[in-house]
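Engineer: sequence-free structure coming up:
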């Protein structure tokens, strides 16, 4: 009798990420911390509101970052409810954190983090996307709560919402 085939496609990629990273010291606790920080975009919105409070000269940019980040999260929730893709459930995938819903596509964490990175980077004049987005995106895979395509689409959606927020801001001046 032939042996059952191992995970394939996105599940195989997810298992590969988990097997190479999840057992390293501090990785799971850091990924869980990032998950809690990014839940419903709350951590990023708080950072942006603090920026608005502390940096009067760039207050408009910080408020745009808060609004754009929250809008990105909302956009991800709308897409989740339309697509209704279930989170990974293969026995080879370890789920290492609780989630507020069973819906996976797209990753709202990747979406809001990307929007926050673009918009807050603009507020401080430093590109934050390469520093903030890859760790959050990878954390979603390490935690076993998203397929790679959920994360990739979330990054693209977050970038699109950030660009739309910037465009709307320019039009309103």
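Structural biologist: Okay, I see it. Computed from a predicted structure; not experimentally measured.

Engineer: Buried residues in whichever strand or helix holds residue 167, which are they?
Structural biologist: Using DSSP states H and E, the element containing residue 167 is helix 148-171. By neighbour count on 16 or more other CB atoms under 10 Å, the buried set for helix 148-171 is 148-151, 153-155, 157-159, 161-162, 165-166, 169. Bear in mind the C-beta positions are built from the backbone N, C-alpha and C, glycine included.

Engineer: List the contacts of that helix.
Structural biologist: 10, 13-14, 60, 64, 67-68, 71-72, 75-76, 79, 85, 104-116, 118-119, 122, 133, 137, 140-141, 146 (CB atoms under 8 Å, 6 or more residues apart in numbering).

Engineer: Out of the buried residues of helix 148-171, which comes closest to residue 128?
Structural biologist: Checking the buried residues of helix 148-171 against residue 128 with CB to CB, the nearest one is residue 162 at 11.1 Å.

Engineer: Look up how far residue 77 lies from the closest one.
Structural biologist: Using CB to CB, to the nearest Å, residue 162 is found at 17 Å from residue 77.

Engineer: now residue 111
Structural biologist: With CB to CB as the criterion, residue 111 and residue 77 are 9 Å apart.

Engineer: Look at those two and report which has more neighbours.
Structural biologist: Using other CB atoms under 10 Å as the criterion, residue 111 and residue 77 rank with residue 111 on top: 35 against 18.

Engineer: Who are the contact partners of that one?
Structural biologist: So residue 111 contacts 72, 73, 75, 76, 154, 155, 157, 158, 161 (CB under 8 Å, 6+ apart).

Engineer: export those to JSON lines and tack on pLDDT and distance to residue 30?
Structural biologist: Putting the contacts of residue 111 into JSON lines (pLDDT from 0 to 100; distance: CB to CB, whole Å) gives the following:
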{"residue": "72", "pLDDT": "98", "distance to residue 30": "23"}
{"residue": "73", "pLDDT": "98", "distance to residue 30": "21"}
{"residue": "75", "pLDDT": "98", "distance to residue 30": "27"}
{"residue": "76", "pLDDT": "98", "distance to residue 30": "22"}
{"residue": "154", "pLDDT": "98", "distance to residue 30": "19"}
{"residue": "155", "pLDDT": "98", "distance to residue 30": "19"}
{"residue": "157", "pLDDT": "98", "distance to residue 30": "24"}
{"residue": "158", "pLDDT": "98", "distance to residue 30": "21"}
{"residue": "161", "pLDDT": "98", "distance to residue 30": "26"}
